[in-house]
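1. got a sequence here, can you build the structure:
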Amino acid sequence: MKFLCLCYFDRARFDALGPGEFDEIKRICEGHDRELYAQPGYAFVGSLTEPEHAATLVARDTGPERRDGAYAPTGEPLGAFFMVEAADLDAAVAIASLHPGAHIGRYLGGGIEVRACDLFRTGPAFAGFGAAA
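-> Now for the predicted structure:
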C-alpha cells in the first residue's frame with residue numbers, strides 16, 4: 001500500500017533561524033536522508049516553495065476559481081512531501097520516522113502526517129514510476 005507523507009513546519013520558528021542553525025539542520029538532514037533513501041519502501045521526496053507563492057483552485061458551481069496563496073493558511077505550512085510503500089500504517093510510520101522532518105523539531109517544530117492512498121496512478125509524464133494502487 002502507498003502512503004503519502006506530508007511534512008509541516010512552524011513558520012515563526014523557521015523565520016527566526018540564524019545561518020549557523022541552517023548549517024546544523026543541513027548536517028542533521030543529510031544522515032537521515034541517506035537512511036530514508038535506502039529503505040526499500042521509499043518512493044520519492046519533494047519540497048515545496050513558500051505558501052504565499054502558491055495558487056489554489058476552489059471548486060465553484062461555474063467551475064474552478066483561482067485564489068492566490070495556500071488552501072488553508074496556517075502557522076504550520078506544508079513544506080515537503082514523500083511517498084513510501086508499506087504493508088500497513090505502522091510500517092509506513094516506521095519508514096516516515098526516518099525523514100529529517102521527524103528529527104529537527106528543536107529548529108522547526110512541525111511534524112509528519114502519514115496517510116494511506118486509496119488510489120494512486122501515474123500518467124505518461126511519469127512512465128515507469130509507480131503503478132496503479
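2. grab the nearest non-local neighbour of Cys29.
-> Take Cys29 and drop its neighbours on the chain: the residue closest to it by C-beta to C-beta, 6 or more residues apart in numbering is Pro100, 3.8 Å away. Quick note: C-beta positions are derived from backbone N, CA and C, even for glycine.
3. likewise for Met1?
-> Nearest residue to Met1, sequence neighbours excluded (C-beta to C-beta, 6+ apart): Ala116, at 5.8 Å.
4. ok, Ala102 next?
-> In this structure, Ala102 finds its nearest non-sequential neighbour in Ile112, 5.7 Å apart by C-beta to C-beta, 6+ apart.
5. helix, strand, or coil at the one you found?
-> strand (DSSP: H, G, I helix; E, B strand; the rest coil).
6. so which residue is dead centre in the chain?
-> Of all residues in the chain, the one closest to the mean position by C-alpha atoms, centre = their mean is Phe81, 1.8 Å from it.
7. quick one on the thing from earlier: and the residue nearest to Cys29, how far from Arg67?
-> According to C-beta to C-beta, to the nearest Å, Pro100 stands 31 Å off from Arg67.
8. so Arg27 belongs to a helix, correct?
-> Yes - under three-state DSSP, Arg27 falls within a helix.
9. any weak-confidence spans in the chain?
-> Within the chain, the stretches with pLDDT under 70 are 126-133.
10. quick one: the helices in it?
-> For the chain, applying DSSP state H gives helices covering 11-15, 19-37, 89-96, 105-108.
11. what is the neighbour count of the residue lying closest to Ala43 once chain neighbours are set aside?
-> In this structure, Ala43 finds its nearest non-sequential neighbour in Met83, 4.2 Å apart by C-beta to C-beta, 6+ apart. As a burial measure, Met83 scores 18 neighbours (other C-beta atoms under 10 Å).
12. again with the one 10 residues further on
-> Under the neighbour criterion other C-beta under 10 Å, Val93 is assigned a count of 16.
13. correct me, but it touches Ala116?
-> No - if you go by C-beta atoms under 8 Å, Val93 and Ala116 don't touch, sitting 11.1 Å apart.
14. any idea how far stretch 47-58 is from the chain center?
-> Here stretch 47-58 is found 13 Å from its chain centre; the criterion is C-alpha atoms, centre = their mean, to the nearest Å.
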